[in-house]
Each structure stands twice: as structure tokens, then as C-alpha cells.
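# Output the structure for:
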Amino acid sequence: MFDVYNSATIFRTAQNDTKAINTLLDNWHKAAANADFDMYFDAIAEDGYFIGTDATEKWDKAAFVAYAKPHFNKGKAWTFTPVQRDIYFSKDGKVAWFDELLDTRMKICRGSGVLEKQKGDWKIKHYVLSMTVPNQASKEVIPLKAHYEDALIEKLHKAKQ
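Numbers count the residues shown, from 1 in each chain. I've put the predicted structure just below:
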């Protein structure tokens, strides 16, 4: 009986946390679309990171705030509409990770991230935004990327040595 109770409790907790995370992420995306700066950045942990679609876009929260603030000040930042999302949990229930497909001005993008439960609330610790490239379009896209990224690749290889 005790194990059944624990399993049922864990299941209910996971259901509640899944709902809470879906709400958090949905509201986070709406906050960007509505330029609600406080709501958007309150969802990110103080030691959180945002990784953008450009290879140079790796921001801690303070750097991301500095980048994004002018966009929010214009009254609209960006609009990402989730169309699919999967959420997973650590065994202790304190960490969750997710992946989502987003309808954006860049067409389908993938968001993925890690959340941590802090004082009973979920916070985004790490978010990665990626543009998807259909396999059929790779031959067309790679030369476009090369034009912009070859020099960066060389620089990163040199820095690694």
C-alpha cells in the first residue's frame, strides 16, 4: 500500500509540475510577444543562460537582458508560438528538461532547455533556440552558413589550441 501511495503521489506531482512548466513556458513566450519585460525575465533563473540561433549568441542572464531590453522597449520583442512540447524530469523531481517546436517568423524553430525547481517555482536555467533545417535543404543551406561561419570556425579552432 505504501509503494502504491508513493507512486500515485509521484504521478500527481509530475502531472502538476508538467502543467506548471507548460504554463510557465507558454506565458514566457507570450511575455516576449507582448513585450512584458518583467514577466519574461522573472522566468529565467539568476544564473540562467539563453543560447540563440547565431553561434555567437550565448548569454548569461545579465547579457541577455542587455541584448533584449531594446527589443522589449519597442513594444514587441519576438513571437514564438509553441506547437509541440515534451517535458522530462529527474528522479528527484527538482530538475526538468524539455524540447519544443515553435512557429516563428523564421518558420519552425526548436527550443530546448533545462528548468530547476527553486523555492517551489520552476525557473529556466538554460534555453537553446535553434532553427531547424529540413534534410532536403541542407545542400542549399550549408553554403549560406559557410559564408558567415567559416571564419568563426577557424577562430574557435585556434582558441582551442
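# use CA for all of it now, contacts and neighbours both
Fine.
# Touching stretch 62-82 from outside, list them.
26, 29-30, 32-37, 41, 49-50, 100-105 (CA atoms under 8 Å, 6 or more residues apart in numbering).
# Give me the distance between the most centrally placed residue in the chain and Lys158.
Geometric centre of the chain, nearest residue: Tyr127, 3.0 Å, by CA atoms, centre = their mean. Noted for Tyr127: a distance of 27 Å to Lys158, by CA to CA, to the nearest Å.
# Backbone torsions only: list them for the residue nearest to Asn34 when sequence neighbours are not counted.
Nearest residue to Asn34 in three dimensions, chain neighbours excluded: Lys76, at 5.7 Å (CA to CA, 6 or more residues apart in numbering). Here is the backbone geometry of Lys76 (degrees, to the nearest 10): phi -160, psi 130.
# about what we covered before: my understanding was that the residue nearest to the centre of the chain contacts Phe50; is that so?
Yes: using CA atoms under 8 Å, Tyr127 is in contact with Phe50, at 4.9 Å.
# which residues touch the nearest residue to Glu57 once chain neighbours are set aside?
Spatial nearest neighbour of Glu57, chain neighbours left out: Ile51 (5.6 Å); criterion: CA to CA, 6+ apart. Counting by CA under 8 Å, 6+ apart, Ile51 touches Glu57, Lys58, Trp59, His126, Tyr127, Val128, Leu129.
# Helices of this structure, start to end?
2-33, 37-42, 61-73, 138-160 (DSSP state H).
# In contact with Trp122: list those residues for me.
So Trp122 contacts Ala20, Ile21, Leu24, Ala43, Leu115, Glu116 (CA under 8 Å, 6+ apart).
# okay, those residues in JSON lines with distance to His147, neighbour count and pLDDT next?
Compiled in JSON lines, the contacts of Trp122 are given as follows (distance: CA to CA, whole Å; neighbours: other CA atoms under 10 Å; pLDDT from 0 to 100):
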{"residue": "Ala20", "distance to His147": "42", "neighbour count": "14", "pLDDT": "97"}
{"residue": "Ile21", "distance to His147": "39", "neighbour count": "21", "pLDDT": "98"}
{"residue": "Leu24", "distance to His147": "38", "neighbour count": "19", "pLDDT": "98"}
{"residue": "Ala43", "distance to His147": "36", "neighbour count": "20", "pLDDT": "98"}
{"residue": "Leu115", "distance to His147": "35", "neighbour count": "23", "pLDDT": "98"}
{"residue": "Glu116", "distance to His147": "38", "neighbour count": "22", "pLDDT": "98"}
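# All set, thanks.
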